[in-house]
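# Build me a model from this:
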Amino acid sequence: MTLPRSLDELHGLRAARWIRESTAGQVDRYGPAAQREQQDRALERYGLVDTGISWQVAHSGRTIGSTSAFGEMIAAAGLHFDVLLVGYVSRFARDLRTAVNARHDLHAAGAALLFCDERLLSSDEDAWEAWAREAVEAEAYSRRLARRIAEAYAAKFRTGDQGGSAGLGFRRTSAPESRLAIDTGTMPTAVTLFERYAGGSVSYRQLEAETGVAADAIRAILGNPLYNGWAVRHRRSAHQVRTAAPWRSHPPVDDELWARVQRVRSERANGGGGQARRVHLLAGRLWCTCGRRVRADSAHQANERVVRRYRHPSSCPAWSQGSHVAAVFEGPVGGQVAGLRLDAATLDRIRRLAARQATAPPSGELRRHQLQRELEGLARSFVQRRLTLEAFTAEQARLNAELDGIETAYSPPDLTTDPDLVVATLRDLRSAWRDADDAARAGLVAALFTRITVADGQIVKEELTPWARRHGLALALPEHVAVARRAGVGRAPATSYRVSIVGRSDDLAAIRRAG
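Predicted coordinates for the structure are as follows:
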């Protein structure tokens with residue numbers, strides 16, 4: 001379908017709605033009601049056909065592109081609607097990369113974006129500069145807001161206040177200071193939780209029954225150093241810092257009680273002494289077939305043991321249950337790396353692939369990724385005001401033109417590494433995996449895989465990093481892997497999996513063509 005070139009060409013086209021809130025139930029001048037009013041006026045003004053299709057999402061504009069709703073909207077473009085109505089520019093996305101890529105994807109599918117408030121049509125070339133300026137300003141505003149919020153939290157932290165809402169035993173003073181302070185009326189209840197748990201004879205659930213405080217809230221309270229007089233910022237990260245709270249000299253929970261509670265928590269989390277090991281082998285690598293990232297987290301059982309798992313962030317028809325224990329996905333991947341094929345036939349194929357001439361043209365897919373990275377860098381330069389709007393527009397048009405015309409036919413990867421070195425690296429990799437601890441194995445996984453797509457409890461396909469492709473991992477990693485499962489005492493029969501590796505068939509075809 002030909003895209004409408006101006007607002008005058010919208011009459012009779014099918015329209016769908018995009019409504020975004022930052023948080024569910026948000027009520028402000030750009031809230032859902034205001035967005036719908038803008039869309040209603042556009043439908044009437046331009047004679048559009050309301051399909052009744054609508055996406056309403058409560059999500060940050062900076063990461064909206066990662067949601068399943070965003071992917072569903074892109075997939076429906078052209079098939080079910082011709083124009084996507086967005087009430088306000090800032091309600092679509094506040095990430096320039098997302099906005100630019102979505103415009104490109106929608107146009108490729110035969111659909112256009114209409115920002116109702118500004119009357120901007122994405123396929124109107126005369127409105128392109130205004131559209132680009134609005135998209136850039138949406139991200140710039142988001143970045144400025146994030147900086148102000150971060151500065152406010154940093155200022156509070158310097159006074160010993162880690163920000164956020166006041167938990168049990170604390171209160172906030174009246175504005176404008178709004179400082180965190182001890183609530184003498186409720187703090188004794190919080191301290192009782194510490195004292196009861198320190199004895200090691202009660203669980204979170206039992207404390208919930210005794211006190212009426214939810215088990216999840218108790219878990220958070222017992223791990224919050226504010227009760228011990230310390231404000232902590234950037235918890236569980238390499239940038240974690242802490243500072244003394246105003247009550248540090250006489251904390252509600254003294255150092256001895258705090259230490260006893262943390263020792264009990266650690267022992268129960270690990271089933272024994274020492275620190276709990278909660279390394280997720282595939283953290284950041286798992287994606288559902290619906291397009292959403294699968295999260296790595298932990299669940300606490302009734303006996304306080306911690307179970308590592310991977311959880312879908314929302315309801316998804318591809319998942320029969322909300323989460324799976326980590327071994328469901330980590331078992332097959334670990335079995336693959338541990339069982340690298342280094343037989344004579346496989347090594348011969350890898351040597352032949354590695355010996356190909358470095359002058360082979362890069363594949364269309366690799367070039368596509370290169371262009372997308374260039375677009376991202378261009379957008380960053382524009383946001384940082386290192387490029388004028390005219391320079392940004394011209395360079396983006398050039399890159400998008402090449403992206404539109406790129407050939408996607410496969411060309412083998414550029415393997416310039418010495419064949420003997422490739423084989424030696426693979427042997428070292430198998431040994432390193434065998435001897436590595438969980439944290440080191442997670443690092444190896446990050447070096448090998450860029451994306452692992454899953455559906456329910458099955459791995460659908462694996463995408464390798466450029467380094468892994470250059471070193472022949474598409475051929476060396478087994479596609480069929482057996483994983484033993486525990487069943488009480490002893491082991492259940494091994495379960496066989498088939499895992500599809502993206503690029504394997506292409507590498508084999510390239511070797512056959514080369515003779």
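
# CA atoms for contacts and neighbours, from now on please.
Noted.

# what about the strand ranked longest in the chain, distance to the chain center?
Counting residues, the longest strand found in the chain (DSSP state E) is strand 49-58. Chain-centre distance of strand 49-58: 25 Å, with CA atoms, centre = their mean, to the nearest Å.

# and the angle for the helix or strand just after that strand with strand 49-58?
Downstream of strand 49-58, the first helix or strand assigned by DSSP states H and E is helix 68-76. Inter-element angle recorded for helix 68-76 and strand 49-58: 150 degrees (by axes from the mean of the first three to the mean of the last three CA atoms, to 10 degrees).

# re the thing from before, name the helices or strands packed onto the longest strand of the chain?
strand 14-21, helix 68-76 (3 or more CA pairs under 8 Å, 6 or more residues apart in numbering; DSSP states H and E).

# Include mean neighbour count and distance to Glu210 when you put the ones you listed into a markdown table, please.
Output for these, formatted as a markdown table (neighbours: other CA atoms under 10 Å; distance: least, CA to CA, whole Å):
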| stretch | mean neighbour count | distance to Glu210 |
| --- | --- | --- |
| strand 14-21 | 24 | 39 |
| helix 68-76 | 17 | 41 |
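
# Which of these has the lowest mean pLDDT?
Among the helices and strands packed on strand 49-58, helix 68-76 carries the lowest mean pLDDT, a mean of 82.

# Which strands border the next helix or strand after it, and is each parallel or antiparallel?
Going down the chain from helix 68-76, the next helix or strand is strand 83-86, by DSSP H and E. In the sheet, strand 83-86 lines up against strand 14-21 (parallel), strand 112-115 (parallel) (DSSP bridges).

# Same list, those strands, but as JSON lines with distance to Leu43 please.
Output for those, formatted as JSON lines (distance: least, CA to CA, whole Å):
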{"stretch": "strand 14-21", "distance to Leu43": "8"}
{"stretch": "strand 112-115", "distance to Leu43": "11"}
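
# I'd like the distance between Val333 and Trp287.
14 Å (CA to CA, to the nearest Å).

# More neighbours: these two, which one.
Between Val333 and Trp287, Val333 has the larger neighbour count (other CA atoms under 10 Å), namely 25 against 19.

# buried set for the helix or strand hosting that one?
Per DSSP H and E: Val333 is located in helix 327-338. Of all the residues in helix 327-338, those buried under the rule 16 or more other CA atoms under 10 Å are 327-338.

# Might you report the residue contacts of Ala318?
By CA atoms under 8 Å, 6 or more residues apart in numbering, the contact set of Ala318 is 288-290, 455-456.

# Among those, which lie within strands?
Reading strands off these with DSSP E, I get 288, 455.

# Of the contacts of Ala318, which is the nearest to Trp131?
The closest of the contacts of Ala318 to Trp131 turns out to be Cys290 (CA to CA; 29.2 Å).

# how deep is Pro252 tucked in, by neighbour count?
21.

# And stretch 474-482, what's buried?
For stretch 474-482, by 16+ other CA under 10 Å, it's 474-479, 481-482.

# Output the below-cut-off pLDDT ranges for the stretch 151-300 of the chain.
The stretch 151-300 of the chain contains residues with pLDDT under 70 at 151-166, 175-178, 233-240, 269-278, 300.

# Helices of that one, start to end?
Ranges of helices within the stretch 151-300 of the chain are 187-198, 204-211, 215-222, 255-270, based on DSSP state H, counting those that start in this stretch.

# Columns distance to Ala58 and mean neighbour count on top of those helices, output as CSV?
Shown next, in CSV, are the helices of the stretch 151-300 of the chain (distance: least, CA to CA, whole Å; neighbours: other CA atoms under 10 Å):
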stretch, distance to Ala58, mean neighbour count
helix 187-198, 33, 18
helix 204-211, 31, 16
helix 215-222, 24, 16
helix 255-270, 34, 18
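
# what's the closest residue to Arg20 other than its chain neighbours in contact with, if anything?
What sits nearest to Arg20 in space, not counting adjacent residues and going by CA to CA, 6 or more residues apart in numbering, is Val57, at 4.9 Å. Going by CA under 8 Å, 6+ apart, Val57 touches 19-21, 69.

# ok, the residue nearest the centre of the chain - contacts?
Against the mean C-alpha coordinate of the chain, by CA atoms, centre = their mean, the closest residue is Arg293 at 5.1 Å. Shown in contact with Arg293 (CA under 8 Å, 6+ apart): 66, 284, 286-287, 312-313.

# Any of the residues you listed buried? List them.
Buried, going by 16+ other CA under 10 Å: 286-287, 312-313, out of these.

# and of those residues, the nearest to Leu353?
Among these, and counting by CA to CA, the member closest to Leu353 is Leu286, at 28.4 Å.

# distance of the closest one from Tyr88?
From Leu286 to Tyr88 the distance is 33 Å (CA to CA).

# cool, and Val241?
When Val241 is compared with Tyr88 (using CA to CA), they lie 39 Å apart.

# again, but for Ala77
19 Å.

# before we move on, what about Arg295?
The value you get for Arg295 to Tyr88, if CA to CA is used, is 31 Å.

# quick one, which of these two is more surrounded?
Tyr88 (23 against 18).

# Who are the contact partners of that one?
Counting by CA under 8 Å, 6+ apart, Tyr88 has contacts 30, 35, 115-118.

# pLDDT score for it?
82.

# likewise Ala108?
So, for Ala108, pLDDT stands at 87.

# again with Arg380
As predicted, Arg380 sits at a pLDDT of 63.

# Next: the one 4 residues further on.
In this prediction, Gln384 carries a pLDDT score of 62.

# Pretty sure Gly284 sits against Arg295.
Yes - using CA atoms under 8 Å, Gly284 is in contact with Arg295, at 7.4 Å.

# Just give the closest residue to Trp230, not the sequence neighbours.
Ala244 (4.8 Å).

# Ala198 too?
Val261 (4.7 Å).

# quick one: that neighbour and Ala111, what's the gap?
Val261 is 58 Å from Ala111, by CA to CA.

# next one: Arg351
47 Å.

# Those two: which has the busier surroundings?
Ala111 (30 against 21).

# Contacts only, for that one.
Contacts of Ala111 (CA under 8 Å, 6+ apart): 3, 77-78, 81-84.

# now do Gly169
Taking CA under 8 Å, 6+ apart, one finds 182-190 in contact with Gly169.

# mind giving me a markdown table with those and columns for distance to Arg308?
Shown next, in a markdown table, are these (distance: CA to CA, whole Å):
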| residue | distance to Arg308 |
| --- | --- |
| Ile182 | 35 |
| Asp183 | 36 |
| Thr184 | 37 |
| Gly185 | 37 |
| Thr186 | 33 |
| Met187 | 32 |
| Pro188 | 33 |
| Thr189 | 31 |
| Ala190 | 28 |
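
# Tell me the one of the residues you listed nearest Arg268?
Once CA to CA is applied, the member of the contacts of Gly169 that ends up nearest Arg268 is Ala190, at 20.4 Å.

# Do I have it right that that closest one meets Phe170?
No - in this structure Ala190 lies outside contact range of Phe170 using CA under 8 Å: 9.6 Å.
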